[in-house]
Each structure stands twice: as structure tokens, then as C-alpha cells.
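Enquirer: Turn this into a model:
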Amino acid sequence: MRGSGLTKNIKGTVVLDSETRRVVTSSIFATLATLVLMAIMVSRAGGNETPSPRSATRSPSSPTSMTSVAPPSNPAPPLATTLAPAATPYVALGAFIPGASSDPSKIDAYARLTGTMPRIVMWYQSWAIGQWSAFAPHIADAIRARGAMPMISWEPSTGVTNDPAWALGTIVDGSHDAYIRQWTHDVGTWGHPIYVRPMYEMNGWWAPWCATVNGNSASAFVAAWRRIVDIARAEHATNIRWVWSPNVDSDGLGAPFAALYPGDGYVDWVGLDGFNRGTSWATTTWVSAWTIFSGSIARLRQITTKPLMIAETGSTEVGGDKAAWVRSGFARIPVDLPDVRAVVWFDKSESGVNIDWRVNSSAASLAAFRSVAMSKAFAGTLP
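Expert: This is a model prediction of the structure:
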């Protein structure tokens with residue numbers, strides 16, 4: 001959930017203590033991060049935005065009271081339109097861009113805004129919303145044509161948390177097999193690499209697949225995950241990279257990572273979702289990127305060495321300096337959190353929680369993000 005180390009809609013969250021991180025200029029960081037990373041690593045619907053509980057119900061459209069900042073008037077550097085097909089030693093920086101899965105020009109607009117094409121384009125897709133629940137190859141093709149990797153956050157849900165029709169047991173007992181089979185068959189027929197993130201944030205309590213609600217359990221989650229992957233393999237959808245992505249592990253979440261992990265044989269990547277909500281709520285405080293993610297990364301590394309991404313993140317402007325948060329904390333992810341190989345920014349203003357996560361929530365924030373996005377340290381790609 002999007003918040004101080006927690007994501008979207010948690011009420012009354014207890015958050016981690018804030019921590020002061022050193023501030024460095026973008027020019028110093030770009031040089032330092034490049035040198036450090038080179039030393040360490042020698043070695044992702046038809047004609048509309050795919051509706052989903054996350055993108056439609058849980059993430060309301062931007063309020064008119066919030067204004068965004070336009071791109072700088074000076075021309076941006078040339079955009080990279082073709083990326084290397086294999087992974088690079090640097091961090092791949094991507095985004096959730098509202099509307100991009102129906103209108104790819106929104107990806108181009110985002111690239112102009114930030115000075116570079118996102119390396120990953122993520123969107124949300126529900127299993128339950130009619131024609132929009134089908135895999136649409138033209139969406140993924142449009143993303144690939146821009147040199148980015150498509151990633152789908154795949155939701156067995158209608159947007160209601162306590163909904164027996166979408167409890168994990170209905171996946172385990174085969175009630176959704178026909179849909180899973182068709183969807184993964186279509187993905188396999190399409191044939192290109194794609195990252196799929198089913199039932200993310202399963203350690204929370206805000207979605208019908210979460211382990212502690214809706215009659216679910218950790219063991220049911222593991223069984224449901226394995227059934228989905230087994231069906232996909234039977235349909236020869238070997239081009240899917242499966243991303244197991246819990247919320248950051250903070251006090252108050254009732255399901256530990258280890259109990260929810262399906263095993264290395266069923267996972268290709270692990271991810272974490274976590275946000276700086278600042279003082280937007282009375283129960284939250286300003287926290288650095290390192291504070292949000294470091295403890296959870298350590299816990300993940302106790303159960304797996306699979307490659308790791310930050311699958312959702314962002315920061316508010318309320319309670320601190322967002323531009324400084326980007327420059328001094330987010331920018332240091334490749335150095336301070338070296339296990340992280342990819343980051344996806346949640347680029348949306350949410351009126352429901354009155355937080356503007358967008359990179360252009362202010363002129364200062366946009367300038368800071370552009371300097372990071374165009375740095376070599378964040379020019380990675382996904383395999």
C-alpha cells in the first residue's frame with residue numbers, strides 16, 4: 001500500500017522511524033553510482049485503459065485541486081527508443097502511467113516529461129472485468145516497440161476485499177482454471193518476455209487474495225500461486241517472468257514473507273511495494289527510501305536469492321522535501337540498496353488519499369526526478 005513504507009489504502013498504519021540520509025548532488029551521484037555499480041556487477045485490453053480494482057476503484061482520478069508541472073521548455077535530450085535486449089548492470093527504471101495501456105502516446109508524453117523512456121511499463125489487470133480481463137497483445141507490443149518491458153499486475157478481484165467468490169480457495173479448487181488457462185495460453189502464443197505480478201501485497205489485508213482476510217491463509221496463497229504457475233507451464237507460457245511481490249514488512253502486517261513464499265521453483269523475481277506517505281496521515285511520518293526497503297530486503301534474502309525489484313514506490317510532498325527525497329534517497333537506491341535491479345514509480349495523483357505521487361507534483365520534484373531518470377545508474381534493462 002502506498003504510504004510510509006506501506007502501500008495504498010491501509011488505515012491507521014504504524015510506520016518505521018524516519019531516518020536522515022545524506023544529500024548529494026545529482027552530478028556527484030551519477031559519477032559515484034556508475035563507478036560503484038561497475039565494480040559490483042562485472043559479471044512489462046482493448047481500446048481502453050484496462051479496468052482493475054487497483055486502477056479504477058482504489059486509485060481515483062487526479063483531483064482538480066492538484067496541478068502538475070509541465071515539461072521544461074528547453075528540449076529534452078534525445079530519447080532512447082531501442083534498449084539492449086539483455087539485462088544490464090544498472091537499475092531499470094519504470095513507471096505505472098495511468099491510461100498507457102489504452103493510449104501508448106501517454107508513454108511518449110511521460111518520456112518527454114522525464115527526459116527518458118521508461119524501461120518498464122506496468123499496468124493493472126483484473127480477472128473479473130469482462131472483455132478487459134483478456135490478454136491484449138497489442139498493448140504489450142506497443143510497449144515493446146518503445147524499448148520497454150511490459151509488466152502486468154494481475155488481480156483476481158472485483159475490488160471488494162471480503163468477497164467469497166474471489167477467495168484464494170476458489171483458485172485452489174479450480175473455479176478459475178478456464179480463465180487462467182486461456183489467459184496464459186494467449187500470453188504463451190504471443191511469445192515475448194513479459195513480467196506478471198499476480199496477487200501482489202498478499203501480506204496485507206486490503207485485497208481479496210490477502211492471506212489474513214476473506215477466509216484465506218498463507219498456505220492457501222502458496223497453493224493458489226503454484227496452481228496458476230502450473231497451468232501457465234502446461235500452456236507453454238514460458239515467456240512469463242513471475243514476480244512475487246509483497247508489501248514491505250512493517251509492524252501490523254500479519255503474514256510473514258517465509259509463510260507466503262511459493263518457492264524458488266515457482267518464482268522468477270521478487271518485488272517489494274513501499275511508499276513515503278510523509279505526514280499526509282496523522283499516523284505516518286516522513287521516511288527515506290532506505291528506511292522503507294532495507295529491512296524487508298534483508299528478510300527476503302533469508303528465503304531467496306532471486307533477482308529483486310521495487311515494484312511500486314513514490315513519495316508525497318507533504319511533511320518534507322520531495323525533491324530532496326528523490327535526489328538524496330531515491331537516487332541512491334543503486335548504492336544503498338544494491339540488491340535492487342529495477343524500480344517502478346507509481347505516477348498517479350490519488351484524490352481518495354489526497355496524495356500526489358506523480359513525478360511532476362512540483363517543479364522541484366520534476367527537476368530532481370529528471371536528473372535521476374537520465375543518469376546512467378538508472379539506465380538498466382530487464383531480461
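Enquirer: Just grab the bridge partners of residue 154 for me.
Expert: residue 125, residue 198 (DSSP bridges).
Enquirer: who's in contact with it?
Expert: Counting by Cβ atoms under 8 Å, 6 or more residues apart in numbering, residue 154 touches 125, 127, 196, 197, 198, 199. The way it works is simple: take the backbone N, C-alpha and C, and place the C-beta from them, glycine included.
Enquirer: 7 Å instead?
Expert: Residue 154 is in contact with 125, 196, 197, 198, counting by Cβ atoms under 7 Å, 6 or more residues apart in numbering.
Enquirer: Please tell me I have it right and the third one contacts residue 246.
Expert: What that stands for is residue 197. No: if you go by Cβ atoms under 7 Å, residue 197 and residue 246 don't touch, sitting 10.8 Å apart.
Enquirer: between those two, what contacts are shared?
Expert: By Cβ under 7 Å, 6+ apart, no residue touches both residue 197 and residue 246.
Enquirer: so where do the strands sit in the stretch 101-250 of the chain?
Expert: For the stretch 101-250 of the chain, the strands defined by DSSP state E, counting those that start in this stretch cover 120-126, 149-155, 194-198, 240-244.
Enquirer: closest to residue 375 out of these?
Expert: strand 120-126 (16.5 Å; Cβ to Cβ).
Enquirer: and the angle for that closest one with strand 149-155?
Expert: Relative orientation of strand 120-126 versus strand 149-155 (axes from the mean of the first three to the mean of the last three Cα atoms, to 10 degrees): 20 degrees.
Enquirer: Strand 120-126 - what's its average pLDDT?
Expert: In this model, strand 120-126 has an average pLDDT of 97.
Enquirer: now stretch 345-357
Expert: Mean pLDDT, stretch 345-357: 94.
Enquirer: buried sites along it?
Expert: For stretch 345-357, the neighbour count (16 or more other Cβ atoms under 10 Å) marks 345, 346, 347, 348, 349, 350, 351, 353, 355, 356, 357 as buried.
Enquirer: Isn't the fourth one up against residue 98?
Expert: By that I understand residue 348. Yes: using Cβ under 7 Å, residue 348 is in contact with residue 98, at 5.2 Å.
Enquirer: Out of the strands of the stretch 101-250 of the chain, flag the one nearest residue 218.
Expert: Closest approach to residue 218 among the strands of the stretch 101-250 of the chain (Cβ to Cβ): strand 240-244, 13.0 Å.
Enquirer: Which elements pack onto the helix or strand following that closest one?
Expert: Remark: after strand 240-244, the chain's next helix or strand is helix 257-260, criterion DSSP states H and E. Under the contact definition 3 or more Cβ pairs under 7 Å, 6 or more residues apart in numbering; DSSP states H and E, helix 257-260 sits against helix 218-234.
Enquirer: switch the cut-off to 10 Å
Expert: Counting contacts by 3 or more Cβ pairs under 10 Å, 6 or more residues apart in numbering; DSSP states H and E, helix 257-260 packs against helix 218-234, helix 289-300.
Enquirer: would CSV of those with mean pLDDT be doable?
Expert: Shown next, in CSV, are the helices and strands packed on helix 257-260 (pLDDT from 0 to 100):
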stretch, mean pLDDT
helix 218-234, 98
helix 289-300, 96
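Enquirer: on that earlier part again, need the contacts of residue 154 in TSV with distance to residue 114 and neighbour count, can you?
Expert: As requested, the contacts of residue 154 are exported to TSV (distance: Cβ to Cβ, whole Å; neighbours: other Cβ atoms under 10 Å):
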residue	distance to residue 114	neighbour count
125	24	24
196	25	25
197	22	26
198	28	24
